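In: no sequence on hand, only this structure:
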């Protein structure tokens, strides 16, 4: 790739419009690829100054700081990027994907997405619900029962989950009766 040409191109673009964060970001990347980290840092810093609500601007700064072993600065940049990510939107989208994945019977994807959400939000009612349902469908009854119980706690906190809570409570009752029946057979 011709990073020298890219540096010239984006430098010229900045001369024409010095308020475009994207130009600075591309310039920073070009310098980064040329291993000119001071210049990359300056360009990325300018991008972040112009578009200070863009998490990618701070991620890019973090990459350069990390590359130059300025780990405290890298840490601060990554933390700022995390603050700027629209977590609520990400979580909502992932929960939507879980529901769709479950309907499509893509249980492996559902489990993976549930684990991701539950890592960040251990009390996600929807993730707990679909995790329990998926474990149940996969025949992992003991794990499903535990997950249903966790889901019931979280689902009961919001009225919008009445239908799911009813289903979960029915599953818990059914599984508990079934487990007692097996114990009595012995």
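Out: Noted; the coordinates are in hand. Worth saying up front: this structure is predicted, and the values here are computed from it rather than measured.
In: what's the average pLDDT for the longest helix anywhere in the chain?
Out: Assignment by DSSP state H gives helix 162-185 as the longest helix of the chain. The average of the pLDDT scores along helix 162-185 is 85.
In: how far is it from where the chain is centred?
Out: Distance of helix 162-185 from the chain centroid (CA atoms, centre = their mean, to the nearest Å) equals 33 Å.
In: give me the residues contacting it.
Out: Outside helix 162-185, the residues that touch it by CB atoms under 8 Å, 6 or more residues apart in numbering are 125, 129, 132, 136, 141, 144-145, 148-149, 151-152, 155-156. C-beta coordinates here come from the backbone N, C-alpha and C atoms, glycine included.
In: and these, which are buried?
Out: Neighbour-count burial (16 or more other CB atoms under 10 Å) is assigned, among these, to 125, 129, 132, 136, 144-145, 148-149, 151-152, 155.
In: TSV for these, including distance to residue 7 and secondary structure?
Out: Output for the buried ones among the contacts of helix 162-185, formatted as TSV (distance: CB to CB, whole Å; DSSP: H, G, I helix; E, B strand; the rest coil):
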residue	distance to residue 7	secondary structure
125	50	helix
129	52	helix
132	54	helix
136	57	helix
144	57	helix
145	61	helix
148	58	helix
149	59	helix
151	54	helix
152	59	helix
155	55	helix
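In: return the closest of these with respect to residue 85.
Out: Nearest to residue 85, judged by CB to CB, of the buried ones among the contacts of helix 162-185 is residue 125 at 21.6 Å.
In: which residues are in contact with stretch 82-97?
Out: By CB under 8 Å, 6+ apart, stretch 82-97 touches 53-55, 58, 109, 113, 116-117, 120-121, 124, 126-127.
In: domain assignment for the protein?
Out: 3-84, 87-185 (automatic domain parsing).
In: for residue 158, phi and psi?
Out: phi -130, psi 130 (degrees, to the nearest 10).
In: pLDDT wise, what is the closest residue to it other than its chain neighbours at?
Out: Once flanking residues are discounted, residue 158 sits nearest to residue 125: 6.5 Å by CB to CB, 6 or more residues apart in numbering. On pLDDT, residue 125 comes in at 94.
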